[in-house]
Structures are given as C-alpha cells and as structure tokens.
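Participant: Could you look at this predicted model? Sequence included:
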Amino acid sequence: MKKNSIVRLVCLLLALLTLCVSVASCKKDNNPSQNTDDKTQEPSTDNGTVTDGPVDYRGLLPTGDYGNEDCWIFMPNLTEGDFYVDEKEENPTEYQQAIAVRNRNVEDRLNVALMYKVEPTHDISQYVKVCLNANTYNYDIMYSFSWFGLEAQGAFENLYNYSNIINFENPYWVSSLNQMATINNRLYGAYGYLTMSMVSSEQVIFYNGNIAKNVFEVDDQFYADVENKNWTLETMMDYMKMNSLQSGDGNPEWTFEDSYGLGYNLWSGRALLWGAGLKLAEYADGDVNILTRRPKNSDIFDKVYSFLQDNDYSWYKGNDNNGYSVDWDTDYNLFIQERALFEATTIGFAPRFSKEMKNYGVLPMPMLDKTQEDYITPMQGVNNFSLFKAGTNNEKAAKVLEAMTIYSYCGVLPLYYEKQLKLQYQTDRRAGAMLDFIRSKVNVDFMFMHSAHFESLANVPFELILAKDSNYEGDMAGRTDSLNKAKAKFLEIYSKAE
C-alpha cells in the first residue's frame, strides 16, 4: 500500500491447491456440466457496453490520475480482510496476496492511495448520522450490510449519476440485486463482487460425497437432476429417506444419534422458502406491490412446512441461542460425521467441511416442484457499497469502486473459491461449472433486501414453521395495515428532491 492503514487483519485460512489467477466466470453459461475454460480476450463493445462472448473485463478498467490522493473506505469491523492486507504480514496466503495485488493495481491505475476506516458493526448507523448532521464526510466509499437500511438517512449518492463510470450491466456487479435495490431510478447501495461476501453468503445444499457415491451411488445423479430441472423438494426428500435410519436402540423418538437425510439451521430454513419461490413484494412503476397473501405463497409455505416438519428425516438445531448454537451436536457436526446426506447452509462453510471431510459436493437450493421457472440462490445477507454525497471527490471514488470490483472479479474471485473455500473451482471443471451456475441464479426477494423498512417481515414465514404454526394466511392478513404504512414511509425516502 502507498500509505499505512489502521485496520486489523482478519486471520485467514491456510492455502492449498493450484494458484489460478484468471477468471473462469467470464463465460456466461447456465449449464452446470459445461466447461469453464479461462478466457482472456478483449471484450467486444457497442458504445462501451459489452455485447456478447467470453471477455476479460479488465479491458473496461477506468483510467485517471488523482495525484496520489487518499480514497477512504469506511466499513464495519470483521470485514477488513475483504479489503486490506498488511504489508508486514508474515507468510500471507495466496488469497491475501491476491487482495494486495488488487489494491496495488487500483492505486497504480488511478494514482490514488487506498485508506481504510473501521468501526464496530452495530455503530455504523450512528457514525453515518454524525457525518450527516455535521455535514462533514471524511470518507468516500462505504461498505455496509444490506439490512441496516442506511439509505433512509439521506447520506448517499444516487449511483446512477455515475453510470458513465460504473457499468452495472456487467457481471462483476450483480444485476438481480441492483435492480431490486433500484427505486425511482435511484440506487444508494450497489451489490457486486468487490468483496467475497457475495459468494460466502450464498445459501446452498452440501451433499456428503462418500454417502452419495459409495452407499447410494447417486453422486452423478445429483448433477443430472439439477441439469434436468428435477432437483425439487420432492426429489430431495426421496434421497433423504434413503439415508434416514434410526439407531436401533429401541427409542421411538428420533435423536441426534440417528442418521438423517438433512441437517439445517435458522438461516437455511429460511433459504428453503426463498429457493422454492416465496415472494413477499416487488417494486414496479413507482410502487411496491405487497404480495404476502398471493395464493402461490400459501402453496409454497405449506409445501416447505411439510418438507421440514412432517417427516423424521430432517435435523434442525437452532431453537437454543437463536439458531447459533455452538454445542457439539449441531447440524454441521451431523454432516461431518457422515450421518446426514445433506447440509443446508451458506457456501462460506466449505473450508470447515474441507478440513473435516474427504468428499463433499455443492448443489443449488431445490426448486418447489417442476413448475418453478428456475432455480433461485438465496443469500444469508448481502453487503453493499455506497458513495457519500459530500465525499472529497465522488468521480474518483466511483472509479475506485469500478476498478476494485473488476480486479476482484477477475483475480480475487477464482482464488477465493480455490484457496479460501477449498472448492475445486478451476481444477475440477464440472464442480466449477456448478459453482458458476449457483452464482448465476442469485436472487433476493424485495422484502428480504429491504427488511429494515418492513418490520423484518422476511423472517416471519420461517418463524411460523419453527413455531409449528401453519396459519400463514391468517398471520399475513393481520399485517396488512402496518405494511401499507411502512410502504408509504419507504417510498418517501426515494421521492424527496435530491
């Protein structure tokens, strides 16, 4: 780095596998069985916009010379490792080295000095208010969590004002999420692959490779099911039954000592609903359409309720400690001990499984049934990037944001899969294609993304399932008035003159 930073470095995992530095995900392919060969050719463009074909997006990097000016990035603690590697770090991993190279590339490309300010996560909102009230912004870019609802404070720029610099149409940004966050043509927080939280938060299904291949011989069938759009709740249940056996101790009650088809937790239970197509709201034509009582939602709720509650093949650990139990008998350990065929969780748990298991694979969340249009990859929570309205130089900050995202997508992302997650992204082309496929299906319901403004409604359907309350319709009916009031208040944020 050109200047010393004040962040603390998060300890990262040991590296293994072969170093690969070019991006495989530049190939736009929705078939998880296809090859993911690296492509480094220049992009074909039409008025600066990529038209088609595999490309190296580094051909679209912005240029500039800002005389070694500071560009300050403001972030919650525990996120520093996404941005910064201390040059004095002893024996940095290859992933850390990739982050350091990215930062140097951005600094050299734009002649800026990247600087970092870290604050406690739950104090972020207060710090933004202080800046707003004092009309003093010492920061340029803010990195924050989507569920804080910080856009309501009026501190951020409409990022579309910088559409000549930031190319949201390209895949290093996540178009599905940015479209969901756009209200009245305003986008106050953008979602992209500048940091790897966009990958680690993906909700997926891990399968135990030893059980699948050696016991039931269905390893290859999982991939075929996904490709043929046969990977549904019903199909998954059929596999779960195959691995669900009581211990034979004479106890009629199922316990942790038995073998199960599925282990899941608080977040993944919710994700099964989103993956099955639950949709609580959508934005269109200047209005928020609240869909809580649409018949399709009731059908989805009932089927997921039955999938999780009306069987002896699922192990849920999370009633204690708000779903974050660290007891020895968690759903993760059930999976590691090879007594669960499937584990539903975030892809960020891959390093733990790699350390404890010899063989496992990753699949998308199952569809509700074959009538579902496509797979959906829900997120545990996503992080976005904003520009302060009164930043020192927002054109400079926008170029830094675009350049960091491009370099991250093309250089850091492949390393993250291989080195941090320990997934065979480029050494196993079929596995890499599945990971690209899962990433290409990322989608988040409007109500989930904007939950801070809507009474955390996105949490309610799964809370009903946990409480064994199947009256989804009745619960939603009782929330109509309060949701309409929340909608009016939410739209005010995006109707005020800038």
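Facilitator: Noted; the coordinates are in hand. Numbers count the residues shown, from 1 in each chain.
Participant: For the stretch 151-300 of the chain, just list every one of the helices.
Facilitator: Using DSSP state H, counting those that start in this stretch, the helices of the stretch 151-300 of the chain run over residues 175-181, 197-200, 209-210, 219-227, 233-242, 266-275, 295-309.
Participant: Residue 337 versus residue 206, what's the distance?
Facilitator: Distance of residue 206 to residue 337, given as C-beta to C-beta, to the nearest Å: 14 Å. C-betas here are computed from N, CA, C, even on glycine.
Participant: Equivalent analysis for residue 352, please.
Facilitator: In terms of C-beta to C-beta, residue 352 sits 13 Å off from residue 337.
Participant: okay, the closest residue to residue 380 other than its chain neighbours: pLDDT?
Facilitator: Counting by C-beta to C-beta, 6 or more residues apart in numbering, residue 380 lies nearest to residue 201, which is 4.4 Å off, once chain neighbours are set aside. Residue 201 is assigned a predicted lDDT (pLDDT) of 93.
Participant: show me what contacts residue 201?
Facilitator: 346-348, 379-382 (C-beta atoms under 8 Å, 6 or more residues apart in numbering).
Participant: Sort out which residues of stretch 292-312 are buried, please.
Facilitator: 292, 297, 299-301, 303-305, 307-308, 311 (16 or more other C-beta atoms under 10 Å).
Participant: rewinding a little: from the contacts of residue 201, which land in strands?
Facilitator: residue 346 (DSSP state E).
Participant: Out of the contacts of residue 201, which end up buried?
Facilitator: So, by 16+ other C-beta under 10 Å, the buried ones in the contacts of residue 201 are 346-348, 379-380, 382.
Participant: now, which of these sits nearest residue 138?
Facilitator: residue 382 (25.8 Å; C-beta to C-beta).
Participant: residue contacts, that closest one?
Facilitator: Residue 382 sits in contact with 145-146, 177, 191, 197-198, 201, 444, 449, where contact means C-beta under 8 Å, 6+ apart.
Participant: Minimum pLDDT in these, which residue is that?
Facilitator: Of all the contacts of residue 382, residue 146 carries the smallest pLDDT score, 68.
Participant: List the contacts of residue 308.
Facilitator: The contact partners of residue 308, by C-beta under 8 Å, 6+ apart, come to 264, 269, 272, 314, 316, 465.
Participant: residues near the second one, how many?
Facilitator: One way to gauge burial is a neighbour count; for residue 269, by other C-beta atoms under 10 Å, it gives 21.
Participant: Chain neighbours aside, what residue packs nearest to it?
Facilitator: residue 462 (5.0 Å).
Participant: what secondary structure does the one you found sit in?
Facilitator: Here residue 462 is recorded as helix under DSSP: H, G, I helix; E, B strand; the rest coil.
Participant: Which residue ranges of the stretch 251-400 of the chain form strands?
Facilitator: For the stretch 251-400 of the chain, the strands defined by DSSP state E, counting those that start in this stretch occupy 260-264, 281-284, 287-290, 314-316, 340-346, 360-363, 383-387.
Participant: mind listing what's buried in the last one?
Facilitator: Of the residues in strand 383-387, those buried by neighbour count under the rule 16+ other C-beta under 10 Å are 383-387.
Participant: just to revisit the earlier point, ok, now how distant is the residue nearest to residue 269 from residue 106?
Facilitator: 40 Å.
Participant: Same check on residue 393?
Facilitator: 15 Å.
Participant: higher neighbour count, those two?
Facilitator: residue 106 (24 against 15).
Participant: Run through the residues that contact residue 334.
Facilitator: Residue 334 touches 256, 260, 263, 315, 317, 340, 343, counting by C-beta under 8 Å, 6+ apart.
Participant: how close does it sit to residue 465?
Facilitator: When C-beta to C-beta is the yardstick, residue 334 and residue 465 sit 20 Å from each other.
Participant: Identify all contacting residues around stretch 383-395.
Facilitator: With C-beta under 8 Å, 6+ apart as the criterion, stretch 383-395 contacts 66, 69-70, 72, 79, 131, 135-137, 139-146, 150-151, 154-157, 159, 162, 165, 181, 188-192, 194-195, 197-198, 397-398, 401.
Participant: from the residues you listed, which would you call buried?
Facilitator: Among those, those classed as buried by 16+ other C-beta under 10 Å are 66, 70, 72, 79, 131, 137, 139-146, 150-151, 155-157, 159, 162, 165, 181, 188-192, 194-195, 197-198, 397-398, 401.
Participant: circling back to that earlier point, can you lay out the contacts of residue 334 as a markdown table showing neighbour count?
Facilitator: Listed next are the contacts of residue 334 as a markdown table, based on neighbours: other C-beta atoms under 10 Å:
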| residue | neighbour count |
| --- | --- |
| 256 | 18 |
| 260 | 26 |
| 263 | 26 |
| 315 | 25 |
| 317 | 21 |
| 340 | 29 |
| 343 | 25 |
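Participant: for these, which one is nearest residue 231?
Facilitator: For these, the nearest to residue 231 is residue 343 (15.7 Å; C-beta to C-beta).
Participant: and the spatially closest residue to the closest one that is not a sequence neighbour, how many residues sit next to it?
Facilitator: Ranked by C-beta to C-beta, 6+ apart and with sequence neighbours excluded, the top spatial neighbour of residue 343 is residue 335, at 3.8 Å. Residues near residue 335, counting by other C-beta under 10 Å, number 30.
Participant: OK, contacts around residue 335?
Facilitator: By C-beta under 8 Å, 6+ apart, the neighbours of residue 335 are 206, 208, 263, 342-343, 353.
Participant: ok, the residue nearest to residue 269 - contacts?
Facilitator: Taking C-beta under 8 Å, 6+ apart, we find residue 462 in contact with 266, 269-270, 273.
Participant: cool, residue 260 as well?
Facilitator: Going by C-beta under 8 Å, 6+ apart, residue 260 touches 240, 243-244, 313-315, 334, 339-341.
Participant: Repeat that for residue 166.
Facilitator: Shown in contact with residue 166 (C-beta under 8 Å, 6+ apart): 159, 173, 190, 398, 401-402.
Participant: Out of the contacts of residue 201, flag the one nearest to residue 481.
Facilitator: Proximity of the contacts of residue 201 to residue 481 (C-beta to C-beta) peaks at residue 381, which lies at 28.1 Å.
Participant: pLDDT wise, what is the closest one at?
Facilitator: On the pLDDT scale, residue 381 gets 80.
Participant: now it: how far from residue 485?
Facilitator: Residue 381 is 25 Å from residue 485, by C-beta to C-beta.
Participant: Longest helix in this protein, please.
Facilitator: If you go by DSSP state H, the chain has its longest helix at helix 94-110.
Participant: same for that helix, what does it pack against?
Facilitator: strand 112-119, helix 394-407, helix 413-415 (3 or more C-beta pairs under 8 Å, 6 or more residues apart in numbering; DSSP states H and E).
Participant: Minimum distance to residue 453: which of the ones you listed has it?
Facilitator: Of all the helices and strands packed on helix 94-110, strand 112-119 sits nearest to residue 453, with 22.7 Å by C-beta to C-beta.
Participant: Parallel or antiparallel, list what pairs with the closest one.
Facilitator: The pairing partners recorded for strand 112-119 under DSSP bridges are strand 69-76 (parallel).
Participant: mind listing what's buried in stretch 198-215?
Facilitator: Using 16+ other C-beta under 10 Å as the test for burial, stretch 198-215 gives 198-209, 211-213.
Participant: Residue 234: which of those is nearest?
Facilitator: Ranked by distance to residue 234 (C-beta to C-beta), the buried residues of stretch 198-215 are led by residue 205 at 14.4 Å.
Participant: List the residues that contact that closest one.
Facilitator: Taking C-beta under 8 Å, 6+ apart, we find residue 205 in contact with 236, 342-344, 362-366.
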